[in-house]
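[1] next come a sequence and a model predicted from it.
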Amino acid sequence: MSWLGKFFGGAFGFLLGGPLGAILGASIGHQFDEGMAGFEGIDRGTFEHGEQHRVQMAFFTATFAIMGHIAKADGKVSQAEINLAKRVMDEMALSPEMRDTAIKLFQQGKKKDFSLDDVLIQFRHECHRRVHLIRMFLEIQLQAALADGVLDREEDRILLHICQMLGVSRFEFERLKIQIQAQQRFYSHGRQQQARAKTSSLQDAYAILGVDASASDAEVKKAYRRLMNQNHPDKLVAKGLPEEMMTLAKEKTQKISKAYDVIQKARK
C-alpha cells in the first residue's frame with residue numbers, strides 16, 4: 001500500500017512536523033505535534049521504511065504547495081498553470097480526498113505568508129541529499145512554470161532561488177531548463193509543417209539528452225543510459241518519490257527513449 005493509503009488508513013507513525021507538516025495539516029484539517037521532534041538529530045545515513053514514507057509525504061506536500069507559489073509569482077495564476085497542476089493530479093490517480101488535499105496545498109502556496117525558505121530547508125533535509133529526487137522535483141516545478149509557454153522573470157528568479165536552497169548549481173538549472181523546453185517543443189512538432197518539424201525535432205532530441213549534434217554515437221548512448229538510470233521509476237520510488245507519482249517518472253523515461261530513437265534513426 002502507498003503512503004497515501006496508509007495515511008488515510010490511520011497509520012500516523014511516520015507523520016512529519018515542521019513547516020511541511022503544518023502546511024499538510026492545515027490542508028487536511030489535522031494538527032501534527034509529532035514526527036519532527038528530533039529534526040536536527042536525524043541520522044542522514046539511515047533511510048528506513050518509516051523515513052521513506054516521510055520523504056514521500058514531504059515530496060507530495062512541497063510539490064503542490066511550491067507549484068502554487070510559483071504560479072502566483074507573476075501576480076496571477078493562468079489557466080494553463082491550473083491545467084498542469086490538474087494533469088499531475090490526474091496522472092497520480094488521486095482519490096477525491098487526496099485530490100482535494102493537493103488543491104488546498106496549491107492554494108496555500110499562493111498565499112502571501114507562504115514561507116518558501118522554511119519549506120525548502122525541511123524538504124532538502126528530508127530528501128537526504130538524494131539528487132535524482134530533487135531533480136525530479138525541479139522538473140515538475142519547471143514544467144508548471146512553463147505551462148503557459150512563458151517563463152516570467154519573477155518565476156525564473158524564484159526557481160533559481162529554489163535551486164540555490166536545494167544545492168543545485170545555476171549551470172545545472174539552466175541545463176535542466178533547456179531540456180524541459182526542448183521536451184515541450186518535441187511534443188508540439190506535430191502541428192508544424194513536416195519538413196520543419198523533422199529538423200526541429202532532431203535538434204530538440206539532442207537537447208533532451210543533453211548532448212550536441214556533434215557527439216559520437218558512444219557519447220549519445222552514454223547520455224541516454226545515464227538519463228534512463230536517473231529517471232528509473234522504481235529507483236525514484238525507492239528514494240522517496242510517492243508511488244502515485246510513478247506515472248510522471250514513466251512518462252519522462254518514455255520521452256527520453258523517443259528522443260534517443262529519433263537520433264538513432266537520423267544517424268542511420
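    Great, that's in hand. Residues are numbered from 1 along each chain as shown.
[2] just give the number of residues close to the nearest residue to Leu84 once chain neighbours are set aside.
    Among residues not flanking Leu84 along the chain, Ala147 sits closest, at 3.8 Å (C-beta to C-beta, 6 or more residues apart in numbering). Placement of C-beta: from N, CA and C, glycine included. Look at Ala147: counted by other C-beta atoms under 10 Å, it has 20 neighbours.
[3] which parts of stretch 95-114 are buried?
    By 16 or more other C-beta atoms under 10 Å, the buried positions in stretch 95-114 come out as 98, 101-106, 108-110, 114.
[4] quick one: it to chain centroid distance?
    16 Å (C-alpha atoms, centre = their mean, to the nearest Å).
[5] and for stretch 90-104?
    Using C-alpha atoms, centre = their mean, the distance between the centre of stretch 90-104 and that of its chain works out at 16 Å.
[6] and the residue nearest to Ala58 when sequence neighbours are not counted, what helix or strand is that in?
    Distances taken as C-beta to C-beta, 6+ apart place Glu126 nearest to Ala58, at 4.0 Å, with adjacent residues excluded. Taking DSSP states H and E as the criterion, Glu126 maps to helix 116-127.
[7] and Glu244, what pLDDT?
    As predicted, Glu244 sits at a pLDDT of 66.
[8] same check, this time on Leu15
    Looking at Leu15, the pLDDT reads 59.
[9] over to Ala71?
    pLDDT, read off for Ala71, is 87.
[10] that one against Leu146, yeah?
    No: the pair Ala71 and Leu146 fails to qualify as a contact (C-beta atoms under 8 Å) at a distance of 11.3 Å.
[11] looking at the two, which one has more neighbours?
    Between Ala71 and Leu146, counted using other C-beta under 10 Å, Ala71 has the larger neighbour count: 25 against 20.
[12] identify the residues contacting that one.
    77-78, 81-82, 85, 106, 109-110, 144-145 (C-beta atoms under 8 Å, 6 or more residues apart in numbering).
[13] and it, how close does it get to Asp152?
    For Ala71, the distance to Asp152 equals 10 Å [C-beta to C-beta, to the nearest Å].
[14] same thing with Thr247?
    28 Å.
[15] same question for Asp113.
    For Asp113, the distance to Asp152 equals 21 Å [C-beta to C-beta].
[16] one more: Ser201?
    Counting by C-beta to C-beta - Ser201 and Asp152 are separated by 27 Å.
[17] any idea how far Tyr260 is from Arg267?
    Distance check for Arg267 against Tyr260: by C-beta to C-beta, it reads 11 Å.
[18] and Gly210, by the same measure?
    With C-beta to C-beta as the criterion, Gly210 and Tyr260 are 12 Å apart.
[19] can you show me the helices along the stretch 1-150 of the chain?
    3-9, 18-28, 49-71, 79-91, 96-109, 116-127, 131-145 (DSSP state H, counting those that start in this stretch).
[20] the stretch 151-268 of the chain too?
    153-165, 170-186, 194-209, 217-230, 233-239, 246-267.
[21] any low-confidence regions in the stretch 1-150 of the chain?
    Within the stretch 1-150 of the chain, the segments meeting pLDDT under 70 span 1-16, 30-51.
[22] apply 90 and report the result again.
    1-60, 71-102, 112, 125-133, 135-136, 139-140, 143-150 (pLDDT under 90).
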